[in-house]
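Asks: need a structure here:
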Amino acid sequence: MVSTPFDNYLDLVEAARALGIHPQSLRRLIKQKKVPAMLFAGKYLIERDKLEMFKANYDPRPGRKPIRRLL
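Replies: Residues are numbered from 1 along each chain as shown. As a prediction, the model looks like this:
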């Protein structure tokens with residue numbers, strides 16, 4: 001199988017599905033610079049490993065999140 005340069009990237013819809021959120025919500029997170037993405041040919045591309053790092057700390061539930069304090 002030949003790997004393409006884009007094997008390591010997800011498009012907006014695929015990444016949103018991986019996070020369990022609506023693509024529009026992910027677009028908002030990208031615009032807020034919370035999710036690193038690049039625009040390529042009019043489509044957002046998100047690196048798989050960066051998405052996994054974001055997903056590890058992301059809570060998809062709406063509303064304000066409790067602030068975790070370090071003791």
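Asks: now the strands: where do they sit in this protein?
Replies: Using DSSP state E, the strands of the chain run over 9-11, 38-40, 43-47.
Asks: Distance to residue 54 for those strands - can I get that in a markdown table?
Replies: All C-beta spots, glycine's among them, are computed from the backbone N, C-alpha and C. Formatted as a markdown table, the strands of the chain follow (distance: least, CB to CB, whole Å):
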| stretch | distance to residue 54 |
| --- | --- |
| strand 9-11 | 12 |
| strand 38-40 | 15 |
| strand 43-47 | 9 |
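Asks: With residue 32 as the reference, name the closest of the ones you listed.
Replies: Of all the strands of the chain, it is strand 43-47 that lies closest to residue 32, at 13.2 Å by CB to CB.
Asks: Give me the residues contacting the closest one.
Replies: Applying CB atoms under 8 Å, 6 or more residues apart in numbering, the contact partners of strand 43-47 are 6, 8-12, 15, 27, 30, 35-39.
Asks: try 10 Å this time
Replies: 6, 8-16, 18-19, 23, 26-27, 29-31, 35-39, 53-54 (CB atoms under 10 Å, 6 or more residues apart in numbering).
Asks: cool, stretch 17-31 as well?
Replies: Residues outside stretch 17-31 that contact it (CB under 10 Å, 6+ apart) are 10-16, 34-39, 44, 46, 48, 51-52, 54-55, 58, 60, 62.
Asks: what about it, distance to the chain center?
Replies: For stretch 17-31, the separation from the chain centroid amounts to 6 Å (computed by CA atoms, centre = their mean, to the nearest Å).
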